[in-house]
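> Sharing a model prediction with you, sequence too.
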Amino acid sequence: MTNSPILWWVRRDLRLADNPALAHAVATGRPVIPVFIHDELIESLGAAPKWRFGLGIAKFAESLGAVGSKLVLRRGKALDVVNALIEETGATEVVWSRAYDPDAIERDKGVKAALKDMGVAAESFAGHLMFEPWTVETKAGGFFKVYSPMWRAVKDTHVDACIAAPETLAAPKDWPKSDDLDDWQMGAAMRRGADVVAKYVCVGEAAAEARLMEFIDSAVERYKQERDFPSIEATSRLSENLTYGEIAPRRIWHAGQRAMAEGAKGAEHFCKELVWREFAYHLIFHTPHIVERNWREEWDAFNWRDDSDDAEAWRRGLTGEPMVDAAMREVYVTGTMHNRLRMIAGSHLTKHLLTDWKIGMKWFEEVLIDWDPAANAMGWQWIAGCGPDAAPYFRVFNPETQGEKFDGAGRYRGVYLHGWKDENGQSRTADFFAAIPKSWGLSEDDPRPERIVGLKEGRERALEAYSGYKSQD
């Protein structure tokens, strides 16, 4: 029993450093068997996040090899896989990093209860967040429903130092059989788009650490004043790595805090954005309905438009609004979208086109390599006006004036719409047409589309719909 293996169930924590679940397993001195399970939650992922997860798994397997270990891959229901591995290896304990979305919580509770009934130790650990959702409360004792007071509550809270990566992992006497990652075909739904987006990904723990250091060294100083300009490299781009756990949030927090102490002007705002992510996870934990219906129940009466030709034009970057269409092309080329453009594109869909926010949320779930269940849901409800801490419904982003303000020289629009070369000499316009489905029948020679709806007309229509909805309260 004292030398029986521990199963480390690897999930969205593809890293060795600052991984409490792994640190616990290593501290026992017992053999550690890392296992990644392709279960129904992985199967349900959209095309881009599933493909990107596969890249992360492959890179993490290499990292484990460097410390004398392996990553065992199995496909099936989580409990069935864990039970089979316990039978095969004699493992007497299973550990993992916590998840906070409702589907993962339901799965994990079932696994933990079943294991304990069998007499197998099962324990989940922090690591995906800095502050567990039940540890941060308002003065009245409830959870925060508004971001700003949550920031004030946690900004001076002690955050533990990071845990060093283990130099070696004790291996079992015999390794259980593993699936071949290629057989899972995690990138199948990306089709020809994978070759395009692959040029823009940043995969693995070492790459994430380098990305953080580059940002701290070269961009955090100007982060606050330049973060909204999409043609300027002023953001950390760490959302891709955070979502797969290739870097720990407290590693980023401590780097930001050090930069702030050294006088970097943008560091505090950078730390605020990290807490904005925490806020999203606190909400998904305390109000799990945020992922599937209006957070504010009074919005259930609002008459959103269902999917339509207009929504399809939005997905394809054919709205006739240059900033919106450039944003929708960016996601097809890079697998990500600048945060300012997520707000502009989201506002255009939900307000100018009066389309249900869930349609946009589902599309992002399909095409973003940095898709995050909490941030995606909260972000869409925020921009639509029906969520927590939401932008007022009458705040309708004007993509034309947004373009003038944040892309005055037209650099961002030019790169995605007019064939301008980017900073690396790449044609992202050409990349877009190389990535999209052939069935769309689009060509780089096609003329730019006319606006689906005039900006003034669309705004007035949205406000009229809002006024009519409010009058029925």
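Happy to help now that I have it. Numbering: from 1, shown residues only.
> residue nearest the centroid of this structure?
Residue closest to the mean C-alpha point of the chain, counted by Cα atoms, centre = their mean, is Asp372 at 2.8 Å.
> nearest spatial neighbour of that residue, skipping sequence neighbours?
Thr243 (4.7 Å; Cβ to Cβ, 6 or more residues apart in numbering). C-betas here are computed from N, CA, C, even on glycine.
> right, and that neighbour touches Asp370 too?
Yes. If you go by Cβ atoms under 8 Å, Thr243 and Asp370 touch, sitting 5.2 Å apart.
> For the protein, which helix or strand comes out least confident on mean pLDDT?
Least confident helix or strand, the chain: helix 455-471 with a mean of 85, by mean pLDDT, DSSP states H and E.
> Enumerate the positions of it that are buried.
Leu455, Gly458, Arg459, Arg461, Ala462, Ala465, Tyr466 (16 or more other Cβ atoms under 10 Å).
> Equivalent analysis for stretch 78-87, please.
Applying 16+ other Cβ under 10 Å to stretch 78-87 flags Ala78, Leu79, Val81, Val82, Asn83, Leu85, Ile86 as buried.
> And for stretch 237-253?
Residues of stretch 237-253 classed as buried by neighbour count (16+ other Cβ under 10 Å): 237-253.
> Take those and keep only those in helices.
Ser239, Glu240, Asn241, Leu242, Thr243, Pro249, Arg250, Arg251, Ile252, Trp253 (DSSP state H).
> Quick check: of the residues you listed, which lies closest to Arg152?
Trp253 (16.1 Å; Cβ to Cβ).
> Check the gap between the closest one and Phe432 for me.
Distance, Trp253 to Phe432, by Cβ to Cβ, to the nearest Å: 35 Å.
> Okay, now the unreliable bits of the stretch 301-450 of the chain?
390-393 (pLDDT under 70).
> need the contact list for the residue nearest to the centre of the chain.
Contact analysis of Asp372 by Cβ atoms under 8 Å, 6 or more residues apart in numbering lists Ser239, Leu242, Thr243, Arg277, Ala280.
> List the contacts of the first one.
So the one you mean is Ser239. Taking Cβ under 8 Å, 6+ apart, one finds Thr336, Asp370, Asp372, Ala375 in contact with Ser239.
> count of residues packed around the first one?
The reference is to Thr336. 22 (other Cβ atoms under 10 Å).
> Contacts only, for it.
Tyr200, Arg237, Ser239, Glu240, Glu330, Leu368, Ile369, Asp370.
> Let me have those residues in TSV, extended by distance to Val32.
What follows is those, written out as TSV (distance: Cβ to Cβ, whole Å):
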residue	distance to Val32
Tyr200	34
Arg237	31
Ser239	29
Glu240	27
Glu330	40
Leu368	32
Ile369	29
Asp370	29
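> of the residues you listed, closest to Leu16?
Glu240 (18.4 Å).
> Quick check: that closest one vs Trp371, distance?
For Glu240, the distance to Trp371 - Cβ to Cβ - is 10 Å.
> cool, and Gly346?
Taken as Cβ to Cβ, the span from Gly346 to Trp371 is 14 Å.
> and what of Glu460?
From Glu460 over to Trp371 the distance is 33 Å, taken as Cβ to Cβ.
> before we move on, what about Phe143?
Distance of Phe143 to Trp371, computed by Cβ to Cβ: 24 Å.
> Equivalent analysis for Ser231, please.
24 Å.
> Mind checking which of those two has more residues around it?
Trp371 (24 against 19).
> Excluding sequence neighbours, find me the nearest residue to that one.
Pro49 (4.3 Å).
> Next, the buried residues of the helix or strand containing that neighbour.
Per DSSP states H and E: Pro49 is located in helix 47-66. Across helix 47-66, burial judged by 16+ other Cβ under 10 Å covers 47-61, 63-64.
> Helix or strand next in line after the top strand by length along the chain, which one?
Longest strand of the chain, by residue count under DSSP state E: strand 32-38. Later in the chain than strand 32-38, the nearest helix or strand by DSSP H and E is helix 40-43.
> As TSV, the contacts of Asp372 with distance to Ser218 and pLDDT would be great.
Converted to TSV, the contacts of Asp372 look like this (distance: Cβ to Cβ, whole Å; pLDDT from 0 to 100):
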residue	distance to Ser218	pLDDT
Ser239	18	98
Leu242	20	98
Thr243	23	98
Arg277	22	98
Ala280	27	97
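> Next up, the contacts around the nearest residue in space to Arg15 that is not next to it in sequence.
Closest residue to Arg15 apart from its sequence neighbours, by Cβ to Cβ, 6+ apart: Glu205 at 4.5 Å. When contacts are counted by Cβ under 8 Å, 6+ apart, Glu205 touches Leu14, Arg15, Leu16, Ala17, Lys59, Phe60, Ser63, Glu246, Ile247.
> which non-adjacent residue is nearest the third one?
Same thing as Leu16. Counting by Cβ to Cβ, 6+ apart, the residue nearest Leu16 is Ala165, at 3.8 Å.
> Please list all residues in contact with that neighbour.
Arg15, Leu16, Ala17, Asp18, Asn19, Val67.
> Is it possible to mark the buried ones in the residues you listed?
Arg15, Leu16, Ala17, Asp18, Asn19.
> Who are the contact partners of the second one?
Read it as Leu16. Leu16 sits next to Leu22, Ser63, Leu64, Val67, Ala165, Pro166, Glu205 when contact means Cβ under 8 Å, 6+ apart.
> Could you export the residues you listed as CSV, including pLDDT and distance to Val196?
Output for the contacts of Leu16, formatted as CSV (pLDDT from 0 to 100; distance: Cβ to Cβ, whole Å):
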residue, pLDDT, distance to Val196
Leu22, 98, 34
Ser63, 98, 26
Leu64, 98, 29
Val67, 98, 33
Ala165, 98, 33
Pro166, 98, 37
Glu205, 98, 25
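> Reformat the residues you listed into CSV and put distance to Ser4 next to each item.
Formatted as CSV, the entries for the contacts of Leu16 read as follows, by distance: Cβ to Cβ, whole Å:
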residue, distance to Ser4
Leu22, 17
Ser63, 25
Leu64, 20
Val67, 21
Ala165, 24
Pro166, 19
Glu205, 28
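> quick one, strands of the stretch 51-200 of the chain?
72-75, 93-97, 121-125 (DSSP state E, counting those that start in this stretch).
> My guess is Trp9 contacts Ala99. True?
No. At 10.8 Å, Trp9 does not count as touching Ala99 under the criterion of Cβ under 8 Å.
> Restricted to strands, list the contacts of Ser239.
Short answer: the contacts of Ser239 have none in strands (DSSP E).
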